[in-house]
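> A structural model of the following input is requested.
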Amino acid sequence: MSKILKPYPRHRTLMALTISLLPSNGLRVLLYRLLMGYRIGPGSRIGVMTVIACESFHAGRGVSIGRSNRFIGPVRVELGDKVIIGRFNQVICGASAADPAKAAMNYARRFVLGDKVLVNDSHYFDAYGLIEIGAGSWVAGTASQFWTHGASVMERDIVVGAGCYLGSAVRFAPGSGLGDGCVLGLGSVVVSKIDDRNAVIAGFPAKKIREISVEDDRQFVFQAN
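Predicted coordinates for the structure are as follows:
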């Protein structure tokens, strides 16, 4: 826990940790709004032991965040309406990313989920740069990783289009991304921007396997509602 708590002003992180332990969703949401200054839309829920200690946090209407998530560091979090985030996910940005001495690195420090995005359990988002996932996309399964910094990396932002399905245990390198409507296979490693739309992408390095035709009639469960 001490390693996770270190990256952002300690008093603010400890306050967020205290709020996360409160017994009711209503209290957690209220105090995140009042004490931390976060914008949390009506009908939204934040699970117990979810620690939100970031530069700014904006959740839309009807957002559901499960238990034991971490949003830690000088990152700006923007969640659209009806976003669902499961359990044990981490959105992390080290304090050094906001150091004026590092201004030349142009760290975006943003984590953006469009409307109706689903993030399942135990995924890791390294949010020194921008991580943006388009409306209706799923980060399915578990243990996927999104990395936006590394040695000598300047092209770091990761953008995933709308209506994508990302299988379990995928990896995104800095500067990589997917076009709209793509399905990313289990365990794939995306090392560059893949501009194809409506395609099956898989492998290491990930590449287009085939197009998705209209006859596939693919629809995610909560898109039908």
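> which stretches of the chain have low pLDDT?
1-8, 214-225 (pLDDT under 70).
> switch the cut-off to 80
1-10, 151-153, 213-225 (pLDDT under 80).
> now stretch 54-72: buried residues?
For stretch 54-72, the neighbour count (16 or more other CB atoms under 10 Å) marks 54-55, 57, 59-60, 62-66, 68-72 as buried. (Each C-beta comes from the backbone N, C-alpha and C, glycine too.)
> that stretch: end-to-end distance?
By CA to CA, to the nearest Å, the extent of stretch 54-72 from end to end equals 5 Å.
> who is the residue nearest to residue 138 when sequence neighbours are not counted paired with across the strands?
Nearest non-adjacent residue to residue 138, counting by CB to CB, 6 or more residues apart in numbering: residue 118, 4.5 Å away. Under the criterion DSSP bridges, residue 118 forms beta bridges with residue 84, residue 138.
> hmm, residue 118 is touching residue 139, no?
Yes: the pair residue 118 / residue 139 is scored as a contact, 6.9 Å apart, by CB atoms under 8 Å.
> higher neighbour count, those two?
Higher neighbour count among residue 118 and residue 139: residue 139, with 27 against 22, using other CB atoms under 10 Å.
> do you know how far that one is from residue 102?
For residue 139, the distance to residue 102 equals 28 Å [CB to CB, to the nearest Å].
> now do the helices in the protein.
For the chain, applying DSSP state H gives helices covering 2-5, 10-20, 25-34.
> the last one packs against which elements?
Just to be clear, that refers to helix 25-34. Counting contacts by 3 or more CB pairs under 8 Å, 6 or more residues apart in numbering; DSSP states H and E, helix 25-34 is packed against helix 10-20, strand 39-40, strand 45-46.
> that helix vs helix 10-20, what angle?
160 degrees (axes from the mean of the first three to the mean of the last three CA atoms, to 10 degrees).
> convert the C-alpha atoms of helix 25-34 to CSV, please.
The C-alpha atoms that make up helix 25-34 are tabulated as CSV, following Å, rounded to 0.1, in the frame of the first residue of the first chain:
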residue,chain,number,x,y,z
ASN,A,25,-21.9,4.9,-1.2
GLY,A,26,-23.7,8.1,-0.4
LEU,A,27,-21.1,9.2,2.1
ARG,A,28,-18.2,8.3,-0.2
VAL,A,29,-19.7,10.3,-3.1
LEU,A,30,-20.7,13.3,-0.9
LEU,A,31,-17.2,13.6,0.6
TYR,A,32,-15.4,13.1,-2.7
ARG,A,33,-17.4,16.0,-4.0
LEU,A,34,-17.1,18.3,-0.9
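> need the contact partners of it.
16, 19-20, 22, 38-40, 44-48, 50, 52, 57 (CB atoms under 8 Å, 6 or more residues apart in numbering).
> residues in contact with the closest residue in space to residue 169 that isn't next to it in sequence?
Of all residues not flanking residue 169 in the chain, residue 143 sits nearest, at 4.6 Å (CB to CB, 6+ apart). By CB under 8 Å, 6+ apart, the contact list for residue 143 reads 122-124, 168-169.
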